[in-house]
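>>> The amino acid sequence is not available; the structure is as follows:
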């Protein structure tokens, strides 16, 4: 599953101190001091969400994800472009976040509010977000990095943050699958722009599928059988 929504900021001196073990310190919220520090490329390392079915869908449909953060025309805006590889196919979607009240806010296509949390990883971002899907509000914690891989210690710290928030087990992506090229700078990029598809996407229906274990199981079985028939999985 894509989405999620998605997020960014932490390259601050306070975020580069030694690892800590207590939840109060692990979940310390970081101030947003400007968008310049977070612009550029960020690789999606792992995430945890209490949205039912999200882990299963991510494991089934997502090979790798990275974000391209660029400055929007308005001073308080950041363009989030998510570039994703699924079954070897690249796609991208762009949304516009606004910085206010020391957080990042998205109103369309779904409502998202994200804040940045402390991390001892010197080139990582840890984002905690609340997002509305259907009639419910869910929570998500994401780990992003300038690198394609982070250390075992950095992953362990992220796992502790997830535990402090009482979120489900972390889903880590495998960077060995490779990242899609930048669709905005690569002349031969075959990435599919799905941004316009958001206008007609039924997020309420997606919520119903994800919150039904039987529906998720049926969907994953269907995709697996199709991939087996195409020889893409063994």
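Noted; the coordinates are in hand. Just so it is clear, the model here is predicted, and its values are computed rather than measured. Numbering: from 1, shown residues only.

>>> in this structure, which helix or strand is least confident?
Here the helix or strand of the chain ranked lowest by mean pLDDT, DSSP states H and E is helix 213-230, holding a mean of 49.

>>> how about low-confidence regions in the protein?
1-21, 199-234 (pLDDT under 70).

>>> So which bits of the biggest strand by length in the chain are buried?
Criterion DSSP state E: the longest strand present in the chain is strand 89-100. Within strand 89-100, the residues that qualify as buried are 90-95, 97, 99, counting by 16 or more other Cβ atoms under 10 Å. Any C-beta I mention is one placed from the backbone N, CA and C, and that applies to glycine too.

>>> next one: stretch 191-201
For stretch 191-201, by 16+ other Cβ under 10 Å, it's residue 191.

>>> element containing residue 56?
Here residue 56 sits within helix 54-61, counting by DSSP states H and E.

>>> which helices and strands sit right next to the next helix or strand after that helix?
Once the chain leaves helix 54-61, the next helix or strand it forms, by DSSP H and E, is strand 64-71. For strand 64-71, the helices and strands in contact under the criterion 3 or more Cβ pairs under 8 Å, 6 or more residues apart in numbering; DSSP states H and E are strand 40-49, strand 77-86.

>>> Please identify the pairing partners of strand 64-71 and their relative orientation?
Next to strand 64-71 in the sheet, as set by DSSP bridges, lie strand 40-49 (antiparallel), strand 77-86 (antiparallel).

>>> For burial, what's the neighbour tally of the closest residue to residue 103 other than its chain neighbours?
Leaving aside its chain neighbours, residue 103 sits nearest to residue 115 (4.7 Å; criterion: Cβ to Cβ, 6 or more residues apart in numbering). Neighbourhood size, residue 115 [other Cβ atoms under 10 Å]: 19.

>>> same check, this time on residue 35
So residue 35, with other Cβ under 10 Å, has 20 neighbours.

>>> In contact with the nearest residue to it once chain neighbours are set aside, which residues?
Among residues not flanking residue 35 along the chain, residue 78 sits closest, at 5.4 Å (Cβ to Cβ, 6+ apart). Each residue near residue 78 by Cβ atoms under 8 Å, 6 or more residues apart in numbering is listed here: 8, 35, 38-39, 69-72, 96-97, 99, 104.

>>> try 6 Å this time
By Cβ atoms under 6 Å, 6 or more residues apart in numbering, the contact list for residue 78 reads 35, 69, 72, 97.

>>> Quickly list what it is bridged to.
Assigned bridge partners for residue 78, using DSSP bridges, are residue 71, residue 97.

>>> wait, is residue 163 part of a helix?
Yes - assessed by DSSP: H, G, I helix; E, B strand; the rest coil, residue 163 belongs to a helix.

>>> Count residues in the vicinity of it, would you?
By the criterion of other Cβ under 10 Å, residue 163 has 14 neighbours.

>>> Could you pull out the buried residues of stretch 150-163?
Within stretch 150-163, the residues scored as buried using 16+ other Cβ under 10 Å are 150, 154-155, 157-162.

>>> Out of those residues, which is nearest to residue 184?
residue 150 (25.4 Å; Cβ to Cβ).
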